[in-house]
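[1] for reference, the sequence and a predicted model appear below.
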Amino acid sequence: MKQFFLSYPTEEFWNAQIRRMSDCALQARALFQGAWLSASLWQWLISIEEEARSFSLEDREKNIDHAFFVTMAGQLDSDLVDEMTRQLTTLARLGARLRVGAPAVIGPGKEDLTRLDLTDDGIAGVAAAMGSLSSDARSDADKALARLADAYDELAVIAELAAAALLYHRTERPLVNLAAFLKALNTPATMDWVAGFRFLGQAFVGRDADTGQWTLRTLLTNDVDKSFFETAVMRLYLMLLLYIVWSNFVSLRPEDKAYMVGRHLWWALSFGVPVEQLLKNDLAAEPLLSDYIVRSGTYAELLFRSRTPISFQQEHSLVVGSFIQGYLSSAKEKDLDGYAQLQYVDDRVKTIPLDVGLKPWLLKLLSLYLHLRECNLINYRGYLSEGGVDTWMDWKKVLDRPFESQSSGIQEYFETIQRPIMMKMQIVNAMDGLAWNREPYLARVLQLSELYESVYGEQYGSIVFFDEESSSFQLNKKYPKPWNMTRAYQLYPAGPID
């Protein structure tokens, strides 16, 4: 069994992957002149390489759709792509380029040619070119062709699944809805995984609610075990399940969020899901500072207690919780966010041992835990901009100007901050003591209140309300009843750390 995780996509790695795919596609075009089937590794390589050029790795850290593409493109084994490029180059050097219209001389290499998903004309054209070579050159070309076909076959297995998930590839009998997918899944012996992966890819891109609920239930009732890493199909299947659920993380119930953090955060992180950004988005939606602190601390505690295995490589699996606890014990509260992390990870990778490729993901895990524990993963009181942390708008000045000229800017401000209760109290406190209930100020306050409710909803209450008893508008100083993560933590069956 091969332990799998996404190779950490540094800028250097990503650029090398793009060049690798580009070189292979260039050599294939030169040799075969595009005479291949639409459902072929050649076409998938070209499609992935072309789209990869439009992606920035910085986007991957913040955008789960970009991260999904990078993860799927990262499934293409670089060694196999390089091997294909080498053999294509050898064939071109020997003069085995496709000859259009030349009579085909089918020799020993025919079987290997048919493995490359070429069109009939493509097979005939390359066979004709090889048939005209000298005996020595033909022998070398046959060997290169066999190596090319072997690498092609091996890479095509994973590439076809990744291409289906990225919606570049489909089968003749697509699975059109969740019921059809589940029916096919219940008969694994005849399951068309290409169709299945395309369906899941569509569900991810479209954020299909029914598939999202089924995927969530699947992960809530199943722990990740070794079986998910025994085949390429199961490995990619797990990736798709994780991406679908985490893409909707902010909308999950508190207890489901807790379960996903405690049981599945590590796997999502090591498969390239931008977990940190998704947790930031979730924390930013908290209406009260007290709720933010409770939720951030709860997530940290769930990781501290997590029994999710870091890896299945060693006989006695290291789990997330004990990995974090070991770090806290060794660092002794000194330099928690600096060199001590790197030193600790290096030591654990060497002594367990773990695959060295896990190091950047383990460092991310430690950093994420520490920022959650210290409640500083985001700056809750302000919001980040290019100039640093911006403070709140001067609401007194807002009343001095016609509201129509400011409404679009205020709406964008509301949507950016996402602090409905704190925002409301800031406005109410600014208005208190002012003559806001006289024209033209009253009309502006009413417009501001209406805009506030249109952005945040009615559950947080309006900024002002009409009091029947006094027959006048009053500031709404009542807090809505907040909820917190304590109940979610109580519901989460984390169990003790061994």
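    In hand now; what should we look at?

[2] was I right about residue 14 contacting residue 59?
    No. At 11.3 Å, residue 14 does not count as touching residue 59 under the criterion of CB atoms under 8 Å. Bear in mind the C-beta positions are built from the backbone N, C-alpha and C, glycine included.

[3] what strand or helix carries residue 204?
    Per DSSP states H and E, residue 204 falls inside helix 193-206.

[4] for the helix or strand following that helix, packing partners?
    Next in sequence after helix 193-206, counting helices and strands by DSSP H and E, comes helix 209-220. Applying 3 or more CB pairs under 8 Å, 6 or more residues apart in numbering; DSSP states H and E, one finds that helix 209-220 contacts helix 178-185, helix 193-206, helix 232-246, helix 254-259.

[5] among those helices, which comes closest to residue 140?
    helix 232-246 (31.8 Å; CB to CB).

[6] need phi/psi at residue 465.
    Main-chain torsions, residue 465, degrees, to the nearest 10: phi -140, psi 160.

[7] distance of it from residue 431?
    Between residue 465 and residue 431 the computed distance is 13 Å (CB to CB, to the nearest Å).

[8] one more: residue 119?
    From residue 119 to residue 431 the distance is 73 Å (CB to CB).

[9] neighbour count winner among the two?
    A count of neighbours by other CB atoms under 10 Å puts residue 431 above the other of residue 119 and residue 431, at 21 against 15.

[10] what's the closest non-adjacent residue to the more buried one?
    Excluding its sequence neighbours, the residue lying closest to residue 431 (CB to CB, 6 or more residues apart in numbering) is residue 475, at 5.9 Å.

[11] and residue 14 and residue 59? Which one has more around it.
    residue 14 (19 against 15).

[12] so how far is residue 44 from the more buried one?
    Distance from residue 14 to residue 44, by CB to CB: 18 Å.

[13] again with residue 117
    10 Å.

[14] the two - which one has more neighbours?
    Using other CB under 10 Å as the criterion, residue 117 and residue 44 rank with residue 44 on top: 23 against 17.

[15] which elements pack onto the helix or strand harbouring that one?
    Per DSSP H and E: residue 44 is located in helix 41-52. Counting contacts by 3+ CB pairs under 8 Å, 6+ apart, helix 41-52 packs against helix 11-32, helix 64-73, helix 135-165.

[16] run the angle between that helix and helix 11-32 for me.
    140 degrees (axes from the mean of the first three to the mean of the last three CA atoms, to 10 degrees).

[17] next, the buried residues of helix 41-52.
    41, 42, 43, 44, 45, 46, 47, 48, 49, 52 (16 or more other CB atoms under 10 Å).

[18] which other residues reach that helix?
    14, 17-18, 21-22, 24-25, 28, 32, 36-37, 69, 72-73, 76, 81, 117, 152, 155-156, 159-160, 162-163, 166, 168-169 (CB atoms under 8 Å, 6 or more residues apart in numbering).

[19] flag the shaky bits of the stretch 251-400 of the chain, pLDDT-wise.
    For the stretch 251-400 of the chain, the stretches with pLDDT under 70 are 313-316, 332-337, 380-392.

[20] show me where it has strands.
    383-385, 388-390 (DSSP state E, counting those that start in this stretch).

[21] which residues touch the residue most central in space within the chain?
    Centroid-nearest residue in the chain, with CA atoms, centre = their mean: residue 273, separated by 3.2 Å. Contacts for residue 273 were tallied using CB under 8 Å, 6+ apart; they are 64, 67, 71, 242, 243, 246.

[22] kindly recompute the last result at 10 Å.
    6, 64, 67-68, 71, 239, 242-243, 245-247, 249, 264-265, 267 (CB atoms under 10 Å, 6 or more residues apart in numbering).

[23] distance check, it against residue 240.
    11 Å.

[24] okay, and the common contacts of the two?
    With CB under 10 Å, 6+ apart as the test, residue 273 and residue 240 both reach 68, 71.

[25] looks to me like residue 8 is in a helix.
    No. Residue 8 sits outside any helix when classified using DSSP: H, G, I helix; E, B strand; the rest coil, being coil.

[26] ok, now which ones touch the nearest residue to it once chain neighbours are set aside?
    Take residue 8 and drop its neighbours on the chain: the residue closest to it by CB to CB, 6+ apart is residue 360, 4.0 Å away. Listed by CB under 10 Å, 6+ apart, the contact set of residue 360 reads 5, 6, 7, 8, 9, 10, 270, 345.

[27] now swap in residue 191 and tell me
    175, 181, 184, 185, 233.

[28] equivalent analysis for residue 211, please.
    Counted by CB under 10 Å, 6+ apart, residue 211 has contacts 177, 178, 181, 182, 199, 200, 202, 203, 204, 244.

[29] hmm, back to that, pLDDT on the helix holding residue 44, on average?
    Here helix 41-52 scores 93 as its mean pLDDT.

[30] ok now it, how far from the chain's centre?
    20 Å (CA atoms, centre = their mean, to the nearest Å).

[31] only alpha carbons, please: show that helix as CSV.
    What follows is helix 41-52, C-alpha atoms only, in CSV (Å, rounded to 0.1, in the frame of the first residue of the first chain):
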residue,chain,number,x,y,z
LEU,A,41,-4.5,10.8,-22.4
TRP,A,42,-3.0,13.1,-25.1
GLN,A,43,-6.1,15.2,-25.1
TRP,A,44,-6.5,15.2,-21.3
LEU,A,45,-2.9,16.4,-20.9
ILE,A,46,-3.4,19.2,-23.4
SER,A,47,-6.7,20.3,-21.7
ILE,A,48,-5.2,20.2,-18.2
GLU,A,49,-2.0,22.0,-19.3
GLU,A,50,-3.9,24.8,-21.0
GLU,A,51,-6.1,25.4,-18.0
ALA,A,52,-3.2,25.1,-15.5
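
[32] helix or strand right after that helix?
    helix 57-62.

[33] I'd like to know which elements that next one is packed against.
    helix 11-32, helix 64-73, helix 275-284 (3 or more CB pairs under 10 Å, 6 or more residues apart in numbering; DSSP states H and E).
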